[in-house]
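take this sequence and fold it.
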Amino acid sequence: MSLKKINTVLAAVFILFILWFGTEYILSPQTTAPGYGLPSRPPGDGDGFLIIKGIRDVVLALVLGILLVTGHRRALGWVLLVEALAAYGDMTNVLAHHGSVATALGVHGLTATLMVLNGLLIMHETRNAAAAAPQTPAPQPAQRGSGHDQPAGSTPFRALAR
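Below is the predicted model:
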């Protein structure tokens, strides 16, 4: 199996996993929350905060999905690297609030690390394409005498006032 196929399968798995997990937080925050790893839920109606996490996860998955489907593989690699920070942040949050170390490391930390690995593999896969991409020349200012410039001493506004 080629590196491109492996990367595509891994990215698709991440997309589906993040999308599923985020949807669970939106549709069923009460039953999904214990799997996050924090020691306890705050008293009262905290569903709104859990739904925010779900929306974040769904948006992260959609961004990855759009990049995968449209073939922007190098951007997909970069976004995987950046979005891994969300999972590392979740891990740090669980550990900082004395939550489950196993969940922090085994769910959030492992997910983040695998996202980084997938992002780096995609960056490795696309490095030759990025190096071989034709460089677009920088736009150059218009040359005098091209027929588009104004007579000496006039401006476009003076020409309109005539």
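
where does the prediction get shaky in this protein?
Judged against pLDDT under 70, the low-scoring parts of the chain cover residues 42, 130, 133-135, 138, 143-162.

identify the residues contacting the residue most central in space within it.
Centroid-nearest residue in the chain, with CA atoms, centre = their mean: residue 79, separated by 3.6 Å. Neighbouring residues of residue 79 by CB atoms under 8 Å, 6 or more residues apart in numbering: 63, 64, 67, 119. For every residue, glycine as well, the C-beta is placed using N, CA and C.

and with 10 Å instead?
Applying CB atoms under 10 Å, 6 or more residues apart in numbering to residue 79 gives the contacts 11, 60, 63, 64, 66, 67, 68, 72, 115, 119, 122.

show me which of these is closest to residue 21.
residue 60 (10.0 Å; CB to CB).

number of residues surrounding the closest one?
For residue 60, the count of nearby residues is 22 (other CB atoms under 10 Å).

mind checking the SS state of residue 40?
coil (DSSP: H, G, I helix; E, B strand; the rest coil).

give me the nearest residue to residue 103, chain neighbours excluded.
Closest residue to residue 103 apart from its sequence neighbours, by CB to CB, 6 or more residues apart in numbering: residue 37 at 3.2 Å.

ok, that neighbour touching residue 92?
No. Contact criterion CB atoms under 10 Å: residue 37 and residue 92 do not qualify, at 11.2 Å.

list the buried residues for whichever strand or helix holds residue 52?
If you go by DSSP states H and E, residue 52 is part of helix 47-70. For helix 47-70, the neighbour count (16 or more other CB atoms under 10 Å) marks 47, 50, 53-54, 57-58, 60-61, 63-65, 67-68 as buried.

what is the distance between that helix and the centre of its chain?
Relative to its parent chain, helix 47-70 has a centroid offset of 9 Å by CA atoms, centre = their mean, to the nearest Å.
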